[in-house]
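> structure of the sequence below:
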Amino acid sequence: MSSIKVENLPIPIRLLAVAAQRFWFIWCCFSFLCTGIVALCFYVLIFNLFSQKKATVYTYQVTKWWGKALLACMLVRVTKEGAEHFALNDSCVLVSNHLSMCDIPVCMATAPISFSFLAKKEADRVPVVGYLARNMHVYVDRRNKQTRKETNERMQQHLHDGHSILIYPEGTRNKTDLLLTDFYDGAFKLAIETQKPLLIATICGSQKISTPTAPFRASPAWVHTIWEQPISTVGMTLEDIPRLREMTRERMTYNLECFYEQYSVD
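The predicted structure follows:
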């Protein structure tokens, strides 16, 4: 996967293209800061004025606005399918492929339900970020067996309390030319242990905005998201993890192949 390819351009044009992408990256960071300040003001009011149940509803609306506003400022057009027909009255484990840092606002803008991200424990020491993580997300600490167990218990409790969690099963952004990298078992294990539905999202084209193979560069782009109907895990056991993992991989692969073939995306 790659962003806008400029390698074959003449050197002067290539330099101008790279400079433009770096300028756009700075603009994206500025847009994140401005929209984030507005969202933070609303979050603070919500956390302090409303009950937990109402706060969940209102933070979902603010989060969705934040994702849409940020992407609009970045000139990212986002389309989606599947979410408009979605109906789920239970919390669930959301999984998505991971191509770009912009996958986060894409999920924020298009997810059909409210959800929490996984936040590293170190985030608690970062101003603002730590505040949001404590109120909205789930801390992850995998330093040793004991902390991993405690993290898993927190995630399970978060789901049982009626909150959904988004996990990228690839673990990090895809830096290869493959459609998908290897999946970790964590998300599928969590869904089965809690008997919560698994909701699959496939993000297509976000590597055109930014990619880890070309840091500090960004471009306007079109991104398409596909939300599948949730997969029930009721009755599944841990022995079903490989089957659930491969089922998820097959669906994402199919969606990506269809998208790239239909629109001739490199």
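> please make it C-alpha for all contacts and neighbour counts, starting now.
Noted.
> so how far is Ala133 from the closest residue in space to Glu170 that isn't next to it in sequence?
In space, Glu170 comes closest to Phe183 once its chain neighbours are excluded; the distance is 4.7 Å by Cα to Cα, 6 or more residues apart in numbering. Distance of Phe183 to Ala133, given as Cα to Cα, to the nearest Å: 25 Å.
> ok, now His163?
His163 is 14 Å from Ala133, by Cα to Cα.
> tell me which residue is most central in this protein.
What sits nearest the mean C-alpha location of the chain, by Cα atoms, centre = their mean, is Ile104, with 3.9 Å.
> any idea which element that one lies in?
With elements taken from DSSP states H and E, the one containing Ile104 is helix 103-110.
> buried set for that helix?
Asp103, Pro105, Val106, Cys107, Met108, Ala109, Thr110 (16 or more other Cα atoms under 10 Å).
> cool, stretch 158-175 as well?
158-160, 163-170, 173-175.
> can I get those residues in CSV including secondary structure, pLDDT and distance to Cys28?
Shown next, in CSV, are the buried residues of stretch 158-175 (DSSP: H, G, I helix; E, B strand; the rest coil; pLDDT from 0 to 100; distance: Cα to Cα, whole Å):
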residue, secondary structure, pLDDT, distance to Cys28
His158, helix, 88, 32
Leu159, helix, 91, 33
His160, helix, 90, 36
His163, coil, 88, 30
Ser164, coil, 92, 28
Ile165, strand, 93, 26
Leu166, strand, 94, 23
Ile167, strand, 93, 24
Tyr168, coil, 94, 23
Pro169, coil, 94, 26
Glu170, coil, 94, 25
Arg173, coil, 92, 19
Asn174, coil, 92, 21
Lys175, coil, 91, 21
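> for Phe30, give its distance to Val126.
In terms of Cα to Cα, Phe30 sits 19 Å off from Val126.
> okay, those two: which has more neighbours?
Ranked by neighbour count (other Cα atoms under 10 Å), Phe30 and Val126 place Phe30 first, with 15 against 10.
> show the pLDDT at Pro127.
pLDDT for Pro127: 69.
> same question, the one 5 residues further on
According to the predicted model, the pLDDT of Leu132 comes to 77.
> that older thread, closest to Leu256 among the buried residues of helix 103-110?
Comparing those against Leu256 with Cα to Cα places Asp103 closest, at 14.7 Å.
> so that closest one sits against Ile203, correct?
Yes. At 7.4 Å, Asp103 counts as touching Ile203 under the criterion of Cα atoms under 8 Å.
> picking that back up, from the contact counts, what lies against the helix or strand just after the helix holding Ile104?
Scanning forward in sequence from helix 103-110 by DSSP H and E, the next helix or strand is strand 118-120. For strand 118-120, the elements it packs on are strand 138-140, strand 165-167, judged by 3 or more Cα pairs under 8 Å, 6 or more residues apart in numbering; DSSP states H and E.
> partners of strand 118-120 in the sheet?
Strand pairing for strand 118-120, determined by DSSP bridges: strand 138-140 (parallel).
> quick one: list the elements packing against the strand or helix carrying Phe188.
Using DSSP H and E, Phe188 maps to helix 186-194. Secondary structure elements in contact with helix 186-194, counted by 3+ Cα pairs under 8 Å, 6+ apart, are strand 93-96, helix 145-160, helix 241-263.
> buried sites along the second one?
When burial is assessed from 16+ other Cα under 10 Å, helix 145-160 yields the following buried residues: Thr151, Asn152, Met155, Gln156, His158, Leu159, His160.
> ok, now stretch 216-223?
For stretch 216-223, by 16+ other Cα under 10 Å, it's Phe216, Arg217, Ala218, Ser219, Pro220, Ala221, Val223.
> the helix holding Ile104 - what's its average pLDDT?
Helix 103-110 comes out with an average pLDDT of 94.
> what residues does it touch?
Contact with helix 103-110 is made by 63-68, 70-71, 78, 80, 83, 203, 206, 225, as judged by Cα atoms under 8 Å, 6 or more residues apart in numbering.
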